[in-house]
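Novice: could you look at this predicted model? Sequence included:
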Amino acid sequence: MGIVGELLLPSRPMREDQDDLYARAYQALMCGAPAEKKALVTRLGEDWRGGLFDVSGASVCPVLPVDDPGRPARPELVAHTAVPRRKPGAPEGRAALLHAIAHIEFNAINLALDCVYRFRGLPAGYYAGWLQVAEEEAYHFGLVTERLKEAGFRYGDFPAHRGLWDMAVKTANDPLARMALVPRVLEARGLDATPPIVASLRRLGDEATISVLDIILRDEIGHVALGDRWFRHFCSERALEPEATYLALMAEFDAPWPPKPLNVDARRRAGFSAGEIARLEAGRPGRVRSGSQG
């Protein structure tokens, strides 16, 4: 696709497992250097489109738990409640906002790679879709870190949290839960968050960052739609009603409920039905108290 820019390819020699999609995805997943990770993702996508990989047979690459994917030593990871609030009015606040977006995009590269590496024996379209997502997330990461550099900062200069990856760990054993709770919950929250951020940046006259966020929003609608497509595919295979299953999984995994206002147009384009959006807008159901009264 040529979407991740001019990058040096990894210096490590080609190995015998270079024609194993899962081994290559794992290699990229566990790479901690952002520039090298982006290069590995680019080569992986090119080789997929070149027909190098055959996913119809068994792989010798084991499926391992990944509690911590490859990432640089910085940023420092803290509890999400310990990450300072980002108000873009001041230069450092705007840099912190850009850093938070960059961290989301870096995590999203790993999430897409893990979707490829972890879940085996699926149709080729599944792998093609998530490899494209990995490339686009790498492109987004580059766009945002360039804006961060222009502001005088680098990725790693602010603390961050690992909430996205924590949900990936929780859903590592079930692709249906992964599709429901990462693309359709956590990444869909990004669709909702973007318009208010854009409005704030427009008041500040930061059209350059808005242009980057417009690209990200466009692509993220497609990423959530891909998760929606495969979530519904897995529900169909198991004879499950998708929207009831979605709410049940959110409750089972204590997934965060989306704060209002929802980006209704973006969610509709990503596969959410009008009834489902209305249910989400109604808010999380109240918890039933145990025990009797009186």
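Specialist: Thanks, I have the structure now. Numbers count the residues shown, from 1 in each chain.
Novice: for the one helix or strand in the chain whose mean pLDDT sits lowest, buried residues please.
Specialist: None of the helices or strands of the chain scores lower by mean pLDDT, DSSP states H and E than helix 163-170, at a mean of 94. Across helix 163-170, burial judged by 16 or more other CB atoms under 10 Å covers 164-165, 167-168, 170. Where C-beta positions appear, they are placed from N, C-alpha and C, glycine not excepted.
Novice: which one of those residues is nearest Trp230?
Specialist: Ala168 (15.0 Å; CB to CB).
Novice: correct me if wrong: the closest one contacts Leu181.
Specialist: No - Ala168 is beyond contact range of Leu181, at 9.1 Å (criterion: CB atoms under 8 Å).
Novice: run a quick neighbour tally on Arg203.
Specialist: Look at Arg203: counted by other CB atoms under 10 Å, it has 10 neighbours.
Novice: same check, this time on Arg284
Specialist: Neighbour count for Arg284, taken as other CB under 10 Å: 13.
Novice: how about it, secondary structure?
Specialist: When classified by DSSP: H, G, I helix; E, B strand; the rest coil, Arg284 comes out as coil.
Novice: give the contact list for it.
Specialist: Arg284 makes contact with Trp257, according to CB atoms under 8 Å, 6 or more residues apart in numbering.
Novice: which pLDDT value goes with it?
Specialist: The model reports Arg284 with a pLDDT of 87.
Novice: state the distance from it to Pro72.
Specialist: As for Arg284, its distance to Pro72 is 35 Å (criterion: CB to CB, to the nearest Å).
Novice: and the nearest residue to Arg162 once chain neighbours are set aside, bridged to which residues?
Specialist: Closest residue to Arg162 apart from its sequence neighbours, by CB to CB, 6 or more residues apart in numbering: Leu77 at 5.2 Å. On the basis of DSSP bridges, Leu77 is bridged to Ala160.
Novice: which ones are touching Leu77?
Specialist: With CB under 8 Å, 6+ apart, Leu77 has these contacts: 159-162.
Novice: just the closest of these to Leu122, please.
Specialist: Arg162 (26.3 Å).
Novice: of the contacts of Leu77, just say which sits nearest to Glu92.
Specialist: Distances from Glu92 to these, taken by CB to CB, are shortest for Pro159, at 13.4 Å.
Novice: list the residues that contact Pro196.
Specialist: By CB under 8 Å, 6+ apart, the contact set of Pro196 is empty.
Novice: buried sites along whichever strand or helix holds it?
Specialist: Assigned by DSSP states H and E, Pro196 falls within helix 188-203. Using 16+ other CB under 10 Å as the test for burial, helix 188-203 gives 188-194, 197-198, 200-201.
Novice: equivalent analysis for stretch 114-122, please.
Specialist: 114-119, 122.
Novice: the closest residue to His140 other than its chain neighbours: which element?
Specialist: Of all residues beyond its chain neighbours, the one nearest His140 is Glu105 (4.4 Å), with distances taken as CB to CB, 6+ apart. Using DSSP H and E, Glu105 maps to helix 91-118.
Novice: which helices and strands sit right next to that helix?
Specialist: Using 3 or more CB pairs under 8 Å, 6 or more residues apart in numbering; DSSP states H and E as the contact test, the elements touching helix 91-118 are helix 21-30, helix 34-49, helix 124-150, helix 163-170, helix 175-181, helix 188-203, helix 207-237.
Novice: Cys61 is nearest to which of these?
Specialist: For Cys61, the closest of the helices and strands packed on helix 91-118 is helix 21-30, at 4.2 Å, according to CB to CB.
Novice: between the closest one and helix 91-118, how many degrees?
Specialist: Here the directions of helix 21-30 and helix 91-118 differ by 160 degrees (axes from the mean of the first three to the mean of the last three CA atoms, to 10 degrees).
Novice: the inter-axis angle of helix 21-30 versus helix 124-150?
Specialist: Using the same axes, to 10 degrees: helix 21-30 against helix 124-150 is 20 degrees.
Novice: which residue is nearest the centroid of the protein?
Specialist: Taking CA atoms, centre = their mean, the centroid of the chain lies closest to Ala108, which sits 3.1 Å from it.
Novice: still on that earlier bit, as CSV, the buried residues of stretch 114-122 with pLDDT and distance to Ile277 would be great.
Specialist: Listed next are those as CSV, based on pLDDT from 0 to 100; distance: CB to CB, whole Å:
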residue, pLDDT, distance to Ile277
Asp114, 98, 28
Cys115, 98, 25
Val116, 98, 29
Tyr117, 98, 32
Arg118, 98, 29
Phe119, 98, 28
Leu122, 97, 28
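Novice: now the stretch 1-150 of the chain, which segments are flagged as low pLDDT?
Specialist: 1-16, 86 (pLDDT under 70).
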